[in-house]
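Asks: Any chance you could fold what I've pasted below:
(2 chains)
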Amino acid sequence: MTVDGSLERLKREGRIVVVGASLAGLRAAETMREKGFTGSLTMIGDEPYEPYDRPPLSKQVLLGRAGPERTALPRRRDIEAAWRLGVPATGLDMAARRVRLADGDEVEYDRLLIATGVRARPWPQADEAALDGVFVLRTRDDAAALEQKLAAGPGRVLVIGAGFTGSEIASACRERGLPVTVAERGAAPLVGALGGVVGEVAAEMHREHGVDLRTGIMVTRLEGDATGRVRVAHLSDGTTLEADVVVVSLGAMRNTEWLAGSGLGAGPRGIACDAGCRAFDIRGIVTDDIYVAGDVARSPHALFGYQFLSLEHWGNAVAQAETAAHNMLSESADRRPHLWVPAFWSSQFGVNIKSVGVPSMGTEILIAQGSRDERRFTGVYGYQGRVIGAVTFDQSRWLQFYERLIEETAPFPPTFTTVDRRPEGNRPMPADFPDPSVPTHGPTITLSGYSPADRRMTFTPAHH
Amino acid sequence: MTQDILRQILDYSNRADPYPLYKELRRTPVYHDGSGPFVVSTYYEIQALLHDPRISSDARNLASNAADPLAEPGGEEETVLPPSFLKLDPPEHDRLRRMTNRPFGPPHSPHRVHDMRGDLHEIVKGLIDRIAENGNAERIDLVEEFSYPFPVTVICRLLGVPPEDEARFHVWADTLAASLDPDPDADPKERERRTHDSRMELGMYLSGLIEERRKNPTGDMLSELATGNGPDGTMTTMEVLSTAALLLIAGHETTVNLITNGMLTLLRFPEVLDRLREEPELSVNLVEELLRYEPPVQLVPQRSTLADIEVAGVSIPKGASLWLVLAAGNRDPLRFEDPDRFDPDREDIQHLGLGSGIHSCFGAPLARQEAQLALSELARRLENPRLLADPPPYRQNAVLRGPRHLPIAVDGIRP
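Replies: The predicted model follows:
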């Protein structure tokens, strides 16, 4: 479909369907129009809202400073799309190039972009999750409901899980003057993303701001009162805790269930795609007409040993969407790889945290600038003798320098001195990430058959 | 490249138009003549160095043998003041800048600059009214009568200098500014003496005011700096003094040049001046383009290397002196399309005019507001303004570059 002018035809009158009407979907659609795509564009989204921005939901919105309805993403341009909002996609027929919708409709495509993102991992016990006062935080509606509850002045908020979202929620609660307990299974907040050396600083930040932080603790059961309102949490140390709001912040699950049985390489860890954002089918063969972008994508990154990385980062969603859109409308020789260096930010307890690279691959950390005691520092992560990631607490202006070191695979520990090098920056320490051999929730692929023509792969979705 | 391009850049005869020299300079992104500073003139390299923690702003990190063609005779300004944060590295820089920012900008004081709008309007109006009253329409020196007094008055208001002392303040500021811009014909001994006296008098005056404000704070910057009690504690009187002096010097000379360069450019592009008269909101992007096209700080000369580094394939040893030629980077064709064209509608405009990184211009929000207001008001009120000399006479200073006088004629001044 390259030499015969079919690309021109696709750009002129093709049908492009985008499943997922959030940040990645919107930016991809805008990029396609920018590149001169004049065919039909359908945006499918399970939420009833036009694309909105999620980072403010755990910050300004929870503080009551911005209404959740005021988080709409700014538009770069008009995308002249047919919007199918509030209607989830329920299936994909790859052979017929059709997306099935929950209302029974089917939408045909010439090119499909999947940007269905992730959703909050719910509390595993459905009856407990259904108690009044138990929340997750991912969507506008989640934020609106939680904010309303916080505004009513609950006696105590329990946050389960101290990752970035959980920590930001705890921070917002304290800023509102609410008593809050954080229960974290690991040794400190943020350990999964940033390791124990930095997690220790995060723990101090929690405690200094009056959070009742309990680490090495799991919540085993949530108990409601007679009217179905959550009342008590049972903890793994045998104690109980009274709380009238519980926020479950246990990470995210990828929205891929609707693709089960479609033959696409999609599962709980996301949709595998190549560096050009083209989806793999379950045989490991790359598709030509299905692309993936944003939180739901897993793609190999040349800088990180071609590992398949799945990045739930705002900037990644934008960059990957732009690359996917470009490649969807390009001859194969003009396609570009998605080579974004991972980066994210968080703001909690008055501190601005930013990171580049993949700190969690790091085995060692060096506090290159500043000091952990002062809550202002730059930590550089090393992996097999090279710089693999960096994090700053209130020092983000230096980050682009370390990003370049990561891109250049500069040696670790850095051999040079910098401004603001303190005694703790003289030698690296173990980064102290949790044991990576935690069981994963990956799917199972089984092979059957003997002759090459008979060989079949069977995909068994994982259970949560 | 000619070996003495640095001398040419510093040579006064090239002050009016250094841009052809910068173009020449950019052919060697890191220029070093063997003894002087390493001069970096391309956009991406400058940008990276402004964010490079191996680069110091603290002169104590310079190797003693690093030659500096800009060094003032007689060495550092003779002063007992501790260095201001402009000349410090983290963590001292960060601490002082944070404390200074607390009463100036967000997050603690998001309204300070915005709330000065009324003052700025009133000062601008007063200055233009006075030009009208003088009735000398055939020859107005816009520097003397407008761009020079405007920022000094603004700094006085910002710091909280009482109106009755503003005149004295202007005299000191004039003398100190002149010391940054030595007149080659004047007696250097006499100039040094006057500079010294002014600095002493200003220092005495400000320390008196600081002590007074410490006892009876009045909400202005000086009061807040003297009594501030944030997480970093309170500044010593010497620190307040040094910071106030920095705000005065850095916030003044640069803004004078931004406004004067701006009017000069507008008079050279009368169609843009006409547009600005009709659409004052153009001033926002216009000022950004000015900061790219004619930046008031042409180069950053006070940086040094803390380690051996490599820039654009050139090894720079530890302790070397670095010049970052912002004005050359701003016209780098690898970064900006058609860089020598003045285009007030330019969208892709991440210029280096206000620096970048931890030392990026502290007063930027105020400077932007001053320049936007000054230029749109001058455009609105001056009737048919025209240049009487092009190029106008420039100041000596190659770093803080701008016209010493900007003689113009007008048909009249609108109310």
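
Asks: In a strand, A:Met43, correct?
Replies: Yes: under DSSP: H, G, I helix; E, B strand; the rest coil, A:Met43 sits within a strand.

Asks: Hmm, it is touching A:Gly86, no?
Replies: No: contact between A:Met43 and A:Gly86 fails when scored by C-beta atoms under 8 Å: they sit 11.7 Å apart. Heads up, the C-betas are built off the backbone N, CA and C, glycines and all.

Asks: With neighbour numbers in mind, choose between those two.
Replies: A:Met43 (24 against 14; other C-beta atoms under 10 Å in any protein chain shown).

Asks: Contact residues of the stretch 51-200 of chain B facing chain A?
Replies: Counting by C-beta under 8 Å from any C-beta of the partner chain, the positions of the stretch 51-200 of chain B adjacent to chain A are B:His51, B:Asp52, B:Pro53, B:Arg54, B:Ile55, B:Ser56, B:Asp89, B:Pro90, B:Pro91, B:Asp94.

Asks: What about these, which are in helices?
Replies: Of the positions in these, B:Asp94 sit in helices, assigned by DSSP state H.

Asks: In terms of helices and strands, where is residue 246?
Replies: The chain I'm using is chain A. Using DSSP states H and E, A:Val246 maps to strand A:245-248.

Asks: meant chain B actually
Replies: Applying DSSP H and E, one finds B:Leu246 within helix B:237-268.

Asks: What is the helix or strand just after that helix packed up against?
Replies: Remark: after helix B:237-268, the chain's next helix or strand is helix B:270-278, criterion DSSP H and E. Helices and strands touching helix B:270-278, by 3 or more C-beta pairs under 8 Å, 6 or more residues apart in numbering or on different chains; DSSP states H and E, are helix B:237-268, helix B:283-293, helix B:364-381.

Asks: Mind putting those helices into CSV with mean neighbour count?
Replies: Output for the helices and strands packed on helix B:270-278, formatted as CSV (neighbours: other C-beta atoms under 10 Å in any protein chain shown):
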stretch, mean neighbour count
helix B:237-268, 23
helix B:283-293, 23
helix B:364-381, 22
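
Asks: Out of those, flag the one nearest chain A.
Replies: When those are compared by C-beta to the nearest C-beta, helix B:364-381 sits nearest chain A, at 14.2 Å.

Asks: Show me what whichever helix or strand comes after the closest one is packed up against.
Replies: Following helix B:364-381 in sequence order, the next helix or strand is strand B:382-383 (DSSP H and E). Packing partners of strand B:382-383 (3+ C-beta pairs under 8 Å, 6+ apart): strand B:412-413.

Asks: What strands line up against the strand it packs on, and which way round?
Replies: strand B:382-383 (antiparallel) (DSSP bridges).

Asks: Rounded mean pLDDT for the helix or strand just after the strand it pairs with, please.
Replies: For strand B:382-383, the following helix or strand on the C-terminal side (DSSP H and E) is strand B:386-387. In this model, strand B:386-387 has an average pLDDT of 96.

Asks: How about stretch A:311-327?
Replies: Averaged over stretch A:311-327, pLDDT sits at 95.

Asks: Quick one: residues in contact with it.
Replies: Defining contact as C-beta atoms under 8 Å, 6 or more residues apart in numbering or on different chains, one finds that stretch A:311-327 is touched by A:22-29, A:31-32, A:35, A:54-55, A:113, A:115, A:118, A:252, A:276-278, A:291-295, A:297, A:299, A:335-338, A:340, A:342-344.

Asks: which bits of the stretch 301-415 of chain B sit near chain A?
Replies: B:Leu306, B:Ala307, B:Asp308, B:Ile309, B:Gly357, B:Ile358.

Asks: closest to chain A among these?
Replies: Of these, the one sitting nearest to chain A (C-beta to the nearest C-beta) turns out to be B:Ala307, at 3.6 Å.

Asks: list the contacts for the closest one?
Replies: A:Phe416, A:Thr417, A:Thr418, B:Arg54, B:Lys318.

Asks: For the most centrally placed residue in chain A, which three-state class applies?
Replies: Centroid check for chain A by C-alpha atoms, centre = their mean gives A:Glu312 as the closest residue, at 2.1 Å. Secondary structure, three-state DSSP: A:Glu312 is coil.

Asks: how about the contacts of B:Ala307 in CSV, adding secondary structure?
Replies: Formatted as CSV, these follow (three-state DSSP):
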residue, secondary structure
A:Phe416, coil
A:Thr417, coil
A:Thr418, coil
B:Arg54, coil
B:Lys318, coil
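
Asks: which SSE is residue 354 in?
Replies: No chain in the question, so chain A it is. strand A:351-357.

Asks: Wait, chain B was what I had in mind.
Replies: Using DSSP H and E, no element contains B:Leu354; it sits outside every helix and strand.

Asks: Of all the residues in the stretch 151-300 of chain B, which one is nearest chain A?
Replies: For the stretch 151-300 of chain B, C-beta to the nearest C-beta, closest residue to chain A: B:Pro231, 9.5 Å.

Asks: what about the most centrally placed residue in chain B, distance to B:Leu247?
Replies: Nearest to the geometric centre of chain B sits B:Thr254, at 2.2 Å (C-alpha atoms, centre = their mean). For B:Thr254, the distance to B:Leu247 (C-beta to C-beta, to the nearest Å) stands at 11 Å.

Asks: now swap in A:Asp295 and tell me
Replies: Following C-beta to C-beta, the distance that separates A:Asp295 from B:Leu247 is 46 Å.

Asks: Show residues contacting the regular element (helix or strand) spanning B:Arg7.
Replies: Secondary structure from DSSP H and E places B:Arg7 in helix B:5-10. The contact list for helix B:5-10 (C-beta under 8 Å, 6+ apart) reads B:2, B:14, B:18, B:21-22, B:24-25, B:31, B:33, B:36-37, B:39, B:69-70, B:398.

Asks: Of the residues you listed, keep whichever come out buried.
Replies: For the contacts of helix B:5-10, a neighbour count by 16 or more other C-beta atoms under 10 Å in any protein chain shown gives the buried set as B:14, B:18, B:21-22, B:24-25, B:31, B:33, B:36-37, B:39, B:69-70, B:398.

Asks: Can you pull the domain assignment for chain A?
Replies: Annotated domains of chain A cover A:6-58+A:72-119+A:253-334, A:126-250, A:350-430 [automatic domain parsing].

Asks: hmm, back to that, show the buried residues in the residues of the stretch 51-200 of chain B next to chain A.
Replies: The neighbour-count test (16+ other C-beta under 10 Å) marks B:His51, B:Asp52, B:Pro53, B:Arg54, B:Ile55, B:Ser56, B:Asp89, B:Pro90, B:Pro91, B:Asp94 as buried among these.

Asks: So which of those is the closest to B:His351?
Replies: Lowest distance from B:His351 to these (C-beta to C-beta) belongs to B:His51, with 15.5 Å.

Asks: that older thread, just name the closest of the buried ones among the contacts of helix B:5-10 to A:Pro423, please.
Replies: Of the buried ones among the contacts of helix B:5-10, the one sitting nearest to A:Pro423 (C-beta to C-beta) turns out to be B:Pro37, at 32.0 Å.

Asks: Find the nearest non-adjacent residue to the closest one, please.
Replies: B:Ser321 (4.1 Å; C-beta to C-beta, 6 or more residues apart in numbering or on different chains).

Asks: I am finished for the moment; much appreciated.
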